[in-house]
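> Fold the following for me, if possible:
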Amino acid sequence: MATFEELGVNKPLLRAIEELGYLAPMPIQEMVIPHLLHADSDVVGLAQTGTGKTAAFGLPTLQRVQPEVKTVQALILDPTRELCLQTCADLNDYARYLGGVDIVAVYGGASIMSQICEIKGGPQIVVATPGRLIDLLDRGALTLSDVRTVILDEADEMLNMGFVDDINNILEHVPATRKMLMFSATMPREIAEIASKYMHNPQEFVVGTRNEGSANVKHVYYMVNARDKYLALKRIVDYLPRVYGIIFCRTRATCQEIASQLIQDGYDADALHGDLSQAQRDAVMKKFRERNLQLLVATDVAARGLDVDDLTHIISYSLPDDNDVYTHRSGRTGRAGKTGVSIAIIHSRERRKLHSIEKQIGKEFQRREVPKAREIIEKQLFNLADRLENVQVHEDDIAEYLPAVLKKLSWLSTAELLKRLLSVEFNRLIEYYNAAPVLDVVPEEKKRDRASRVKKRSGATSADRVGKNSIEAQPGYERVYVNAGKAQGLYAPDIISLINANTRGQRIELGRIDLLANYALFDVKSGEAHRVVSALRNQDFYGTRLYCEVAQPGKDYDALSQPTGKELTRIERRRKRNDVYNEKKRDKQRREQATGRRRRGKARREATMKHVLDEIEQFAGEQRAQSDSRRHRRNAKPRH
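All right, here's what the predicted structure looks like:
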């Protein structure tokens, strides 16, 4: 393995990185540094977050800078404020023994005037977010005519955040002779297009395989019912008492809800999402970096650019829509040669999505069972034992209190004292997990055994078979039949909407929903089936009058639900489904328009009321002023 000196790094930079603890170059650094120092072609570097990319481009960029020239010679673009500040701090650490090199960070959420003042000082390197950089260019406060090096850091993140047009705009302002570097964890098509348009004969360096996951990360998943996800999350966290990680959610609402529940249940957690102000974001991240928080619940957008070391776990509470996003999530742990674990909590309908992610990252997810009560309590007991064993005892400070405490507890034996100490810590867990149910979902077998296949071919009815059309409900639920299915445009959200719209009182809990061609079967909580049947019977669903009943054992619903009259062709069925879909879309638009009209009407009424109140207040003020004036004149009138 080569050393940094052999790669061509000069002595001031070597001295700085040795003090920072850099012993040997990492693979991406070994590939990129000599090329940037000695070759003329541009560079595309593909490597996961945490593999040393900042040093890979930062060291040669600093070495190429001419300190005596007080113009911007290198431009580094980062997708977020946090990453921009982190990159600037790293470069300053590397440049501590390089005299005359100034590095400035410009980003949104801070005073643009103070940043303009810093730019007037003549920095050689500017680290910027695209939006703020364009503001400075539009104001004429920054020129890029002398830029010799342009670096796009986390290019795929900038693409995901919608900065493609901004990047194109910025690159139009830099000289065509500049050297360009692009670093990314994945290589989507749009990034490849930017490379082909603006880069000259780019040399590609790949650590591992394109778009693959980090080699130091183990990927595991837990399969539970959707309604049990939070319970599963709590068990996983309780089973990992020393966890230090990020929980990713798809939406802001879910993120805040999960964080609030965790805080309420006594966990050191907080939320990070787009509804927070910059000051709130900074406060949350400060607590998390200082490990005052164990868990950060975040959306993917809010967490972009976060640079936190030593994360032990990444937990995907919701799988992302884009597989590349999962690659970024999992890449936040297992960094700098350390190991990490990426956990996905999924329900049975997300297995196909999981397989798609497996293909992209080139790794297989290991299925784990949700920890059971005995396993959790045992893990927590041993964690407490470790803490007791390794706690630092301040002999001098505690000495004056020990005699009284020992006298108080002298009647307890060592075993009894230990038992009570453990009980103080774990009574909550023992009570909470007493008779806790098993949360794991056992997936249906992909293949039926030969006997069941023979029975199906011999003409067995739906009542005899186990599958989507089984009339057997889950434990604690009752099965309900409705005479509309996929052919009529009925899907799970429609069933939920119909029940919510036609029932009053307490919300009805639903279980498994199975959709077939011409009918559907779904589970409702025991005791609620007749209420649901009464609510849905004779309702009109886009031209289909609904018939609903509690599913009866032995009844052949396949035969009962066959369409009457002329059977529709495949094209006609598709056309009917499209008609239903379009009608749903129109209904949604009408509801949104009605909601908009109500909101505008409310806003007009509030504005009118405010105007009237302002007029009344103004009139009352004028009356008071006139009254005060008359009283003043009376008092000022001379007496005879």
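> Output the below-cut-off pLDDT ranges for the stretch 1-150 of the chain.
1, 48-51 (pLDDT under 70).
> wait, residue 99 sits on residue 62?
No. The pair residue 99 / residue 62 is not scored as a contact, 11.9 Å apart, by CB atoms under 8 Å. C-beta: built from backbone N, CA, C; applies to glycine.
> Between the two, tell me which one has more neighbours.
residue 62 (24 against 8; other CB atoms under 10 Å).
> Are we agreed that the more buried one is in a helix?
Yes. Going by DSSP: H, G, I helix; E, B strand; the rest coil, the assignment for residue 62 places it inside a helix.
> and it, what does it touch?
If a contact means CB atoms under 8 Å, 6 or more residues apart in numbering, then residue 62 has 13, 91, 94, 95, 98, 101, 125 as its contacts.
> Let's verify the second one: helix, strand, or coil?
Meaning residue 91. Local secondary structure at residue 91 is given as helix here, using three-state DSSP.
> Quick check, it in contact with residue 126.
No. With contacts counted by CB under 8 Å, residue 91 stays clear of residue 126, the gap being 10.7 Å.
> got a list of what the residue nearest to residue 121 when sequence neighbours are not counted touches?
Distances taken as CB to CB, 6 or more residues apart in numbering place residue 102 nearest to residue 121, at 6.4 Å, with adjacent residues excluded. With contacts taken as CB under 8 Å, 6+ apart, residue 102 has the following neighbours: 121, 122, 123, 124, 125.
> Residue 128 too?
75, 76, 77, 78, 84, 105, 106, 107, 136.
> Equivalent analysis for residue 228, please.
Here residue 228 is in contact with residue 439 (CB under 8 Å, 6+ apart).
> That one belongs to a helix, doesn't it?
Yes. Assessed with three-state DSSP, residue 228 lies in a helix.
> Let me see the confidence value for it.
The pLDDT attached to residue 228 in the predicted structure is 90.
> Residue 535 - how many residues pack around it?
17.
> try the one 10 residues further on
Look at residue 545: counted by other CB under 10 Å, it has 11 neighbours.
> Name whatever forms a beta bridge with it.
residue 540 (DSSP bridges).
> Residue 36 against residue 58, yeah?
No. In this structure, residue 36 sits apart from residue 58 without contact. The criterion is CB under 8 Å, and the distance is 10.2 Å.
> Tell me which of these two has more neighbours.
residue 58 (28 against 25).
> and the helix or strand where the more buried one lies, which residues are buried?
Secondary structure here is read from DSSP states H and E; on that basis residue 58 sits in helix 53-64. Within helix 53-64, the residues that qualify as buried by neighbour count (16 or more other CB atoms under 10 Å) are 53, 54, 55, 56, 57, 58, 59, 60, 61, 62, 63.
> try stretch 476-489
Neighbour counts over stretch 476-489 (16+ other CB under 10 Å) mark 477, 478, 479, 480, 481, 482, 483, 484, 485, 487, 488, 489 as buried.
> I'd assumed residue 518 was in contact with the last one.
The reference is to residue 489. No. Checked against CB under 8 Å, the pair residue 489 and residue 518 is beyond contact range at 11.6 Å.
> Could you report the neighbour count for residue 331?
24.
> That one and residue 154, how far apart?
When distances are taken as CB to CB, to the nearest Å, residue 331 and residue 154 turn out to be 11 Å apart.
> do the same with residue 33
Where residue 154 is concerned, residue 33 sits at a distance of 19 Å (CB to CB).
> Same question for residue 434.
From residue 434 to residue 154 the distance is 47 Å (CB to CB).
> Neighbour count: those two, which is higher?
For residue 434 versus residue 154, neighbours defined as other CB under 10 Å are more numerous around residue 154 (24 against 8).
> Need phi/psi at that one.
Note on residue 154: backbone dihedrals following degrees, to the nearest 10 are phi 50, psi 50.
> Quick check: it touching residue 184?
Yes. The pair residue 154 / residue 184 is scored as a contact, 6.8 Å apart, by CB under 8 Å.
> Excluding chain neighbours, what is closest to residue 9?
With sequence-adjacent residues excluded and distances taken as CB to CB, 6+ apart, residue 9 is closest to residue 59, at 5.6 Å.
> List the contacts of residue 268.
Going by CB under 8 Å, 6+ apart, residue 268 touches 292, 293, 294, 295.
> So which of the residues you listed wins on neighbours?
When neighbours are counted by other CB under 10 Å, residue 295 leads the contacts of residue 268 with 24 neighbours.
> Report the buried members of the contacts of residue 102.
Once neighbours are counted (16+ other CB under 10 Å), the buried part of these comes down to 123, 124, 125.
> all helices of the stretch 1-150 of the chain, in order?
Along the stretch 1-150 of the chain, the segments classed as helices by DSSP state H, counting those that start in this stretch run 4-7, 11-19, 27-38, 53-64, 81-94, 112-120, 130-139.
> how far does the first one sit from the chain's center?
A distance of 39 Å separates the C-alpha centroid of helix 4-7 from that of its chain, computed with CA atoms, centre = their mean, to the nearest Å.
> And the contacts of that helix?
13, 14, 17, 22, 24, 25, 29, 30, 33, 34, 37, 59.
> Cross-check the contact I'm expecting between residue 510 and residue 524.
Yes. Proximity of residue 510 to residue 524 meets the contact threshold set by CB under 8 Å, at 5.9 Å.
> Looking at those two now, which is surrounded by more residues?
Residue environment comparison for residue 510 versus residue 524 gives the larger neighbour count to residue 524, 22 against 19, counting by other CB under 10 Å.
> Need the nearest residue in space to the more buried one, chain neighbours excluded.
In space, residue 524 comes closest to residue 532 once its chain neighbours are excluded; the distance is 5.3 Å by CB to CB, 6+ apart.
> so where does residue 221 fall, helix or strand?
strand 217-223.
> mind exporting stretch 30-48 as PDB, just the C-alpha atoms?
Taking C-alpha atoms only, stretch 30-48 is exported to PDB below (Å, rounded to 0.1, in the frame of the first residue of the first chain):
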ATOM      1  CA  GLU A  30      -5.000   6.200  -3.600                       C
ATOM      2  CA  MET A  31      -6.800   6.300  -6.900                       C
ATOM      3  CA  VAL A  32      -7.700  10.000  -7.200                       C
ATOM      4  CA  ILE A  33      -4.800  12.100  -5.500                       C
ATOM      5  CA  PRO A  34      -2.000  11.300  -8.000                       C
ATOM      6  CA  HIS A  35      -4.300  11.700 -11.000                       C
ATOM      7  CA  LEU A  36      -5.500  15.100  -9.800                       C
ATOM      8  CA  LEU A  37      -1.900  16.200  -9.100                       C
ATOM      9  CA  HIS A  38      -0.300  15.000 -12.400                       C
ATOM     10  CA  ALA A  39      -2.900  14.300 -15.100                       C
ATOM     11  CA  ASP A  40      -4.900  16.700 -17.100                       C
ATOM     12  CA  SER A  41      -8.200  14.800 -17.600                       C
ATOM     13  CA  ASP A  42     -11.300  15.300 -15.500                       C
ATOM     14  CA  VAL A  43     -12.400  12.800 -12.800                       C
ATOM     15  CA  VAL A  44     -15.600  11.000 -11.800                       C
ATOM     16  CA  GLY A  45     -15.300   9.300  -8.500                       C
ATOM     17  CA  LEU A  46     -17.900   6.700  -7.400                       C
ATOM     18  CA  ALA A  47     -17.700   5.800  -3.700                       C
ATOM     19  CA  GLN A  48     -19.900   5.600  -0.700                       C
END
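> got the buried residues for it?
By neighbour count on 16+ other CB under 10 Å, the buried set for stretch 30-48 is 30-37, 42-48.
> Can you show me the helices along the stretch 451-600 of the chain?
Using DSSP H, counting those that start in this stretch, the helices assigned to the stretch 451-600 of the chain run over residues 492-502, 529-536, 557-560, 570-636.
> Quick one: work out the angle between the second one and helix 492-502.
Between helix 529-536 and helix 492-502, the angle formed by their directions is 90 degrees, by axes from the mean of the first three to the mean of the last three CA atoms, to 10 degrees.
> List of residues touching helix 529-536?
Contacting residues not belonging to helix 529-536 are listed as 478-480, 482, 498-499, 502-503, 508, 524, 546, 548-550 [CB under 8 Å, 6+ apart].
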